[in-house]
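generate a structure from the sequence data that follows.
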Amino acid sequence: MTARSVSWTDAASVAQLLTRASSPRRNAGHSFGSAGSVALARPIPPVAPALAPAPVAVAAAVVPRAITVPPPSRLKSQFPAPRLVQTSDNPSDCLDALLAWTLDHQRCTGAFIADDNGLTLAAHGISEAHVSLVGPLLSALVSVRMIPGIDATAGALWLGDNMMSWVETRNERGGFCLGTVGSEPLSSRAFEQLKDALEITVRRL
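Sure thing, here's the model as predicted:
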């Protein structure tokens with residue numbers, strides 16, 4: 001028996017292959033319905049709802065509190081004034097020290113020192129109009145001191161919008177007056193402090 005060539009064809013085998021190719025094929029994974037529609041074997045999973053945004057913490061606004069600062073005159077009155085200490089024997093230095101102490105520790109915007117003749121020895125923070133009143137004021141107090149039961153060594157009066165307060169003391173050289181000008185009356189304690197400071201100063205004049 002001779003060997004087959006590469007071009008040999010078995011007619012029965014070819015016919016069997018053609019028969020299988022012409023038979024309809026079945027799809028085990030899909031079922032076909034109407035034209036163009038395809039039913040999937042697995043259901044489509046539902047879409048998860050969108051997550052709500054997390055709440056954002058909002059910091060509360062801090063409203064600054066208004067701080068009320070009392071005027072300088074009120075700040076002075078909250079603390080007791082230290083007693084005046086005179087360290088110089090020079091009369092001019094003593095008067096300057098008394099004036100500075102008064103302005104630093106009493107509720108006033110101006111101060112003056114005068115003698116019983118109405119001569120202003122030192123002044124700061126007062127107008128010329130107030131200075132001109134010192135002489136007539138002290139002259140009037142000379143008559144007031146003669147009235148029994150009247151203490152004219154301290155007093156106060158309104159001059160427009162300002163209050164003028166004063167204290168007096170005397171020595172062998174005469175009378176001296178320490179006065180203040182401010183928007184408020186002085187307390188009884190302030191009058192005592194002023195008179196004590198004036199007496200300490202007059203001892204060195």
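
wait, R173 touches L205, no?
Yes - with contact defined as Cβ atoms under 8 Å, R173 counts as touching L205 (6.5 Å). C-beta: built from backbone N, CA, C; applies to glycine.

compare neighbour counts for those two and give me the winner.
When R173 and L205 are compared for neighbours, L205 comes out ahead with 15 against 10, by other Cβ atoms under 10 Å.

ok, the more buried one - contacts?
If you count contacts by Cβ atoms under 8 Å, 6 or more residues apart in numbering, L205 has them with P91, C94, L95, N171, R173, F176.

cutoff 7 Å now
By Cβ atoms under 7 Å, 6 or more residues apart in numbering, L205 lies in contact with P91, C94, R173.

any chance you could map the strands in this structure?
Under the criterion DSSP state E, the chain contains strands at 31-32, 38-39, 110-115, 120-124, 154-159, 162-171, 174-182.

just for the protein, where's the confidence low?
For the chain, the stretches with pLDDT under 70 are 1-79.

closest to W158 among the contacts of L205?
Distance from W158 was checked for each of the contacts of L205 by Cβ to Cβ. The minimum falls on C94, at 30.3 Å.

shouldn't the closest one be in contact with Q86?
Yes - the pair C94 / Q86 is scored as a contact, 5.3 Å apart, by Cβ atoms under 7 Å.

which one's more surrounded, these two?
In terms of neighbours (other Cβ under 10 Å), C94 is the more surrounded of C94 and Q86; the figures are 22 against 16.

any idea how far that one lies from L138?
With distances defined as Cβ to Cβ, to the nearest Å, the gap from C94 to L138 amounts to 20 Å.

looking at the strands of the chain, which is nearest to V144?
Comparing those under Cβ to Cβ, the one sitting nearest is strand 154-159, at 8.5 Å.

neighbouring strands of the closest one in the sheet, and parallel or not?
strand 162-171 (antiparallel) (DSSP bridges).

and the strand it pairs with with strand 110-115, angle?
Direction vectors for strand 162-171 and strand 110-115, defined by axes from the mean of the first three to the mean of the last three Cα atoms, to 10 degrees, enclose an angle of 30 degrees.

hey, where'd the helices end up in the chain?
The residue ranges that make up the helices of the chain, judged by DSSP state H, are 11-22, 72-77, 91-105, 128-144, 188-202.

now do the longest one: everything it contacts.
Helix 128-144 is touched from outside by 112, 114, 116, 118, 120, 123, 150, 152, 159, 164, 177, 179, 181, with contacts defined as Cβ under 7 Å, 6+ apart.

state the number of residues packed around the nearest residue to L194 once chain neighbours are set aside.
Take L194 and drop its neighbours on the chain: the residue closest to it by Cβ to Cβ, 6 or more residues apart in numbering is V167, 4.7 Å away. For V167, the tally of surrounding residues (other Cβ under 10 Å) stands at 24.
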